[in-house]
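1. sequence first, predicted model second:
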Amino acid sequence: MTPTLVLAAHGTRSAAGERTLAELAAAVRRRRPGHRVEQAYLEISRPLLADVLRAVDGPVVVAPLLLAGGYHVHIDLPAVIAAHRPDALVAAPLGPHRLLTSALARKLARAGLRSTDAVILGAAGSSDPAALADVRAQARRLALRLARPVTAAFASAGTPTLDEALDRLRSGPAARVAIASYVLAPGFFHGRLTGAGADLVSEPLGADPDVAALVWSRFDEVALLSPAATA
């Protein structure tokens, strides 16, 4: 029996954010028709991951719809799985990854990025140094793609803050500063990015085809560990 893929997002109070995550789940399903894919949330939104895990029979792979490690990946998610489906396999968080680099570059291009613009990779932030390191690693990947420096900056915990990064880049030679939105969906953190005062801000990664492909890549990395998948 092929494992069910359970998508585990954080959850949001934004209706637009929930729609975007539903669109991403639909994009994931379209890539492998007939494969069971369930959508779930750690908190706030419904259905909750705990409820979905209790309802799914057979082997399960949980794929975190999270762009970096941190509290939710290392504490929240393992606690829910240990309580409700200790047999479930857990995929790695989405980032950093080359497919996210492609999606970020495409979103910036659609937002009107110019070759002379300075670029910030704007992320939510975390109190976990490893999560901040993941974001900085993604910024380095994007810098190589764009052939210019990319500064990782954070809307909550982490340094530099968005304001600090913007102030520094405003004092440099670039006439404009662009923010690449390193968030999956509209909501609180994307609002912080759009309100920071940059000249342009890209849309959330959302249901980008490379994000959907990345979900399956993360699934495949762990699904081969399932005896049911190789039987």
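-> Received it, and whenever you're ready, just let me know what you need. Predicted model only: the values in this text are computed from it and were never measured. Residues are numbered from 1 along each chain as shown.

2. which residues of this protein score low on pLDDT?
-> Where the chain drops to pLDDT under 70, the residues are 226-231.

3. strands of that one, residue ranges please.
-> Along the chain, counting by DSSP state E, strands occupy 4-9, 37-41, 60-64, 89-90, 118-123, 150-154, 177-181, 200-201.

4. contacts for the second one next, please.
-> The reference is to strand 37-41. With contact meaning CB atoms under 8 Å, 6 or more residues apart in numbering, strand 37-41 is reached by 4-11, 21-22, 25, 28-29, 47-49, 51-53, 56. From N, CA and C alone the C-beta is placed, and that goes for glycine too.

5. can you check what angle separates it from strand 60-64?
-> In terms of direction (axes from the mean of the first three to the mean of the last three CA atoms, to 10 degrees), strand 37-41 departs from strand 60-64 by 50 degrees.

6. before we move on, the earlier item: including distance to Thr194 and mean neighbour count, could the strands of the chain go into a markdown table?
-> Converted to a markdown table, the strands of the chain look like this (distance: least, CB to CB, whole Å; neighbours: other CB atoms under 10 Å):
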| stretch | distance to Thr194 | mean neighbour count |
| --- | --- | --- |
| strand 4-9 | 20 | 24 |
| strand 37-41 | 23 | 21 |
| strand 60-64 | 25 | 24 |
| strand 89-90 | 32 | 20 |
| strand 118-123 | 9 | 27 |
| strand 150-154 | 14 | 24 |
| strand 177-181 | 8 | 26 |
| strand 200-201 | 5 | 20 |
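
7. okay if I get these as TSV plus distance to Glu221?
-> Shown next, in TSV, are the strands of the chain (distance: least, CB to CB, whole Å):
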stretch	distance to Glu221
strand 4-9	12
strand 37-41	17
strand 60-64	9
strand 89-90	10
strand 118-123	23
strand 150-154	25
strand 177-181	25
strand 200-201	32
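
8. burial of the residue lying closest to Ala213 once chain neighbours are set aside, as a residue count?
-> In space, and not counting its chain neighbours, Ala213 is closest to Leu99: 5.9 Å by CB to CB, 6 or more residues apart in numbering. For Leu99, the neighbour count with other CB atoms under 10 Å is 18.

9. if we can go back for a sec, of the contacts of strand 37-41, grab the buried ones for ChimeraX.
-> Burial among the contacts of strand 37-41 is assessed by 16 or more other CB atoms under 10 Å; the matching ChimeraX selection reads:
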select :4,5,6,7,8,9,10,11,21,25,28,29,48,49,52,53,56
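
10. roughly how far apart are the residue nearest to Arg98 when sequence neighbours are not counted and His35?
-> What sits nearest to Arg98 in space, not counting adjacent residues and going by CB to CB, 6+ apart, is Arg141, at 6.6 Å. As for Arg141, its distance to His35 is 28 Å (criterion: CB to CB, to the nearest Å).
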